[in-house]
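Asks: When you get a sec, could you give me coordinates for this:
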Amino acid sequence: MKNDNFSIKEVKFNEFLANLKKLKQRDKQEISADGLVVHPEDAIWLDSKATGNPTEIGILVDIPAKSMEFYLQRIPANSSSDLQRHVHESIHYVLEGEGYSEIGNQVVKWSKGDFVYTPPWIWHRHYNPNDSDVRMLLIENSRLLDSLDANRRESLGLVSFAEQFKPEHE
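Replies: Next up is the predicted model:
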């Protein structure tokens, strides 16, 4: 047991030294081409069964970013995402289509070319009331929070912000 414990520590120590050496050689400009260009068809798509709402998410697993996550999102015609919140920040870039979002107590309209920012831990839901699909690029700092074990997501399902958080005087 003592020898096993020593070998585990030795492996961890050697990993630490290798990382330290890597940090000291930061100016080295030789990198792998893997992940420098990722194509939309490289996405792995999660359907509505996996996402728990009508939207589909394309996971771009080949992008080697350490602190950010990149997704493609499709909101089908006449549907929406779920009402959700998460600790990370997110930015949706609208590639095609138009719609609106409930972000906290605000309702904002958006269309092709717009950036939609969602602050941390604010309930939000994205809507597509039109007869054609909405396509977005989603950028989050979720990987950074994952690495710190500080990320969290919650969903309330297909309920609107107004329905869920009615003022008490009504």
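
Asks: List the contacts of the most centrally placed residue in the chain.
Replies: The chain has residue 140 as the residue nearest its centroid, 4.4 Å off, counting by Cα atoms, centre = their mean. By Cβ atoms under 8 Å, 6 or more residues apart in numbering, residue 140 lies in contact with 68, 69, 71, 86, 88, 89, 90, 91. C-beta coordinates here come from the backbone N, C-alpha and C atoms, glycine included.

Asks: count of residues packed around residue 9?
Replies: Burial of residue 9 is recorded as 10 neighbouring residues (other Cβ atoms under 10 Å).

Asks: That one: which element?
Replies: Residue 9 is part of helix 2-24 when elements are defined by DSSP states H and E.

Asks: CA atoms only for that helix, dumped as CSV, please.
Replies: Included here for helix 2-24 are C-alpha records, laid out as CSV according to Å, rounded to 0.1, in the frame of the first residue of the first chain:
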residue,chain,number,x,y,z
LYS,A,2,2.8,2.4,0.9
ASN,A,3,4.5,1.7,-2.4
ASP,A,4,1.3,2.3,-4.4
ASN,A,5,0.8,5.6,-2.6
PHE,A,6,4.4,6.6,-3.4
SER,A,7,4.0,5.7,-7.1
ILE,A,8,0.8,7.8,-7.3
LYS,A,9,2.5,10.7,-5.7
GLU,A,10,5.5,10.2,-8.0
VAL,A,11,3.2,10.3,-11.1
LYS,A,12,1.5,13.4,-9.9
PHE,A,13,4.8,15.1,-9.1
ASN,A,14,6.1,14.2,-12.6
GLU,A,15,3.0,15.7,-14.1
PHE,A,16,3.6,18.8,-12.1
LEU,A,17,7.2,19.1,-13.4
ALA,A,18,6.1,18.5,-17.0
ASN,A,19,3.5,21.2,-16.7
LEU,A,20,6.1,23.6,-15.1
LYS,A,21,8.4,22.9,-18.0
LYS,A,22,5.6,23.6,-20.5
LEU,A,23,4.9,26.9,-18.8
LYS,A,24,8.5,27.9,-19.1
